[in-house]
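Colleague: sequence unknown, structure follows:
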């Protein structure tokens with residue numbers, strides 16, 4: 001499928017004019033600092049236009065100058081995987097584990113996201129199953145210092161076991177789960193993500209007032225997850241700083 005719209009043009013320009021967003025590559029032989037999974041909601045509450053807003057917003061974020069810098073300026077590379085989720089058995093990997101060591105890796109991921117066709121429609125919201133799916137996928141990830149799952153969604157769990165059951169029955173030792181709560185489709189979605197979804201050390205929720213605000217919120221969240229601070233000589237992603 002060809003790239004479309006302004007975000008497709010952004011991908012092409014970034015590939016052709018790499019010097020304009022240039023950042024020094026990370027040495028691939030340095031220890032991986034973070035394994036990051038990005039899961040976005042394609043349940044029945046997300047219509048076709050809102051799906052495109054999520055897909056396009058993720059692709060644009062991967063090529064934003066501040067995100068490129070956050071990926072490549074830290075101590076060691078970041079491993080990324082991106083997946084769609086909806087019902088109990090509807091999880092689809094869009095980008096398999098990719099060790100980001102250069103801007104070209106981010107361009108390739110953005111192109112893959114932009115080429116994605118929605119894997120399923122009209123299924124309910126199974127956040128617990130999405131979390132269990134992501135927890136098991138760490139087994140295939142590179143060996144990284146930290147592990148984070150990022151779940152974006154606009155509704156509460158209404159299918160299968162809830163997030164709390166996922167945390168009780170899957171291995172989340174050392175895993176931080178952050179959330180991007182999208183308003184508009186569900187009442188009190190921000191409170192729900194704070195109370196039921198996020199998990200682990202330093203976990204946080206970013207908020208988008210609607211899908212129209214998804215791209216900006218996703219970029220803010222991703223920068224926060226990738227930014228590195230030095231604490232007592234140890235490099236820690238800010239999303240995993242001790243409380």
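Modeller: It's in. No experiment lies behind these values; they were computed from the predicted model shown. Numbering: from 1, shown residues only.
Colleague: Show me the strands in the protein, by range?
Modeller: Ranges of strands in the chain, per DSSP state E, are 32-41, 78-85, 91-100, 144-153, 175-182, 205-208, 228-231, 234-237.
Colleague: Go through the ones you listed and name the closest to residue 63.
Modeller: Closest to residue 63 of the strands of the chain, according to C-beta to C-beta: strand 91-100, at 12.2 Å. Any C-beta I mention is one placed from the backbone N, CA and C, and that applies to glycine too.
Colleague: got TSV for the strands of the chain, with mean pLDDT, mean neighbour count and distance to residue 119 too?
Modeller: Compiled in TSV, those are given as follows (pLDDT from 0 to 100; neighbours: other C-beta atoms under 10 Å; distance: least, C-beta to C-beta, whole Å):
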stretch	mean pLDDT	mean neighbour count	distance to residue 119
strand 32-41	96	25	11
strand 78-85	97	23	5
strand 91-100	97	18	4
strand 144-153	96	23	15
strand 175-182	97	26	19
strand 205-208	97	21	22
strand 228-231	47	12	33
strand 234-237	58	17	29
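Colleague: now the ones you listed as a markdown table including distance to residue 66?
Modeller: Output for the strands of the chain, formatted as a markdown table (distance: least, C-beta to C-beta, whole Å):
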| stretch | distance to residue 66 |
| --- | --- |
| strand 32-41 | 16 |
| strand 78-85 | 14 |
| strand 91-100 | 15 |
| strand 144-153 | 17 |
| strand 175-182 | 17 |
| strand 205-208 | 15 |
| strand 228-231 | 13 |
| strand 234-237 | 15 |
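Colleague: pLDDT score assigned to the spatially closest residue to residue 211 that is not a sequence neighbour?
Modeller: Spatially, and ignoring its direct neighbours in sequence, residue 211 is nearest to residue 50 (4.1 Å; C-beta to C-beta, 6 or more residues apart in numbering). pLDDT, residue 50: 96.
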